[in-house]
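1. when you get a sec, could you give me coordinates for this:
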Amino acid sequence: MKKGDLDKAIEHHQHALRIRLNNVGSSKQDLMESYQHIAIIYEAKGAQVAASGGDYDKGLEYIEKSLNIRQHNLPNTNQTTIANCYDKMADLYRRKGDTDKAVDYFERSLHLRQEVLGASHPNVADSYYNIGIVHCSKQQLDEALQCFNNALTIRQETLGENHPLVAETCNRLADVYARKNDLDKTLQYLQKTLEVRVNHFNGYEHLDVANTLVSIAQVYRSQDKIDSALENVDKALLIREGKLETGHPKITELQQLKQQLNSEIN
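-> Numbers count the residues shown, from 1 in each chain. Next comes the predicted model:
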């Protein structure tokens, strides 16, 4: 829905609400319905404003209005909906660079989800994952590891070992260990990422598999294991040549990397 359409929708529902508030015959259900519509539109408007113009403060203002309506005028609002509002606010704070506020609201979302959904729900894993990302941006690597490990445990238990989100979480763990310069752990989690992706995509033909192979090659290169690096680059190059057009930058990138590795052997 366009910005102007959202503005008109808010105006329409606010007008309906005023009529219902002034009408002694209006039922509580009618009022709740108006508040619900307004809350949903404010939430949508907040996301739209932030996405289109990067005006995160304005986006936060609208989502806070939605949250305020839900908390004060819709007492029966599902708490997971409140958690989702916290999530959206946290993401906007993260994007505007206020990492402390981002962690605060992601943690509010986490605690609500644990309370309502249970400690092992996939949405709880999402909250841990989001908090981990913010800790990474703050270079709080041990805290990030704890969050990503919590997310990984839940996702493996609830989604299965070969789910894409399991691969994504393993990849994040590899990135954190790389920042800590623990190459053995980095390699361990990249290989786990590769295993999950190969199983999920039923083989070595997906570009995500190629990307993981390149990451593994870079770690081997850092360990001076050039033969192993070349082996993974060759596998990744074969995938990209099969999926991308001739001359694609991603193919050229690997051809150049292969040349560099061969020169390091020689």
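2. let me see the domain layout of the protein.
-> Taking automatic domain parsing as the criterion, the chain consists of the domains 1-77, 78-159, 187-266.
3. out of the ones you listed, which is the most enclosed?
-> Ranked by mean neighbour count, the domains of the chain are led by domain 78-159 with a mean of 19 (mean count of other C-beta atoms under 10 Å). Bear in mind the C-beta positions are built from the backbone N, C-alpha and C, glycine included.
4. low-confidence ranges, the protein, go.
-> Regions of the chain meeting the criterion pLDDT under 70 cover residues 1-7, 9-10, 12-39, 42-43, 45-47, 49-54, 73-76.
5. that older thread, in JSON lines: the domains of the chain, plus distance to Ala167.
-> JSON lines is the format used below for the domains of the chain (distance: least, C-beta to C-beta, whole Å):
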{"stretch": "domain 1-77", "distance to Ala167": "27"}
{"stretch": "domain 78-159", "distance to Ala167": "10"}
{"stretch": "domain 187-266", "distance to Ala167": "4"}
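6. and those domains: which comes nearest Cys170?
-> Closest to Cys170 of the domains of the chain is domain 187-266 (C-beta to C-beta; 4.3 Å).
7. CA atoms only for the helix or strand harbouring Val103, dumped as CSV, please.
-> Counting by DSSP states H and E, the element that carries Val103 is helix 99-117. Output of helix 99-117 as CSV, limited to C-alpha atoms (Å, rounded to 0.1, in the frame of the first residue of the first chain):
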residue,chain,number,x,y,z
THR,A,99,22.8,-0.6,19.5
ASP,A,100,22.0,-0.3,23.2
LYS,A,101,18.3,0.4,22.4
ALA,A,102,18.3,-2.4,19.9
VAL,A,103,19.5,-5.0,22.4
ASP,A,104,17.0,-3.6,25.0
TYR,A,105,14.0,-4.1,22.7
PHE,A,106,15.3,-7.5,21.2
GLU,A,107,15.6,-8.7,24.8
ARG,A,108,12.0,-7.5,25.6
SER,A,109,10.9,-9.5,22.7
LEU,A,110,12.9,-12.5,23.8
HIS,A,111,11.5,-12.5,27.3
LEU,A,112,7.9,-12.2,26.1
ARG,A,113,8.4,-15.1,23.6
GLN,A,114,9.9,-17.3,26.2
GLU,A,115,7.0,-16.6,28.6
VAL,A,116,4.3,-17.1,26.0
LEU,A,117,5.8,-19.7,23.5
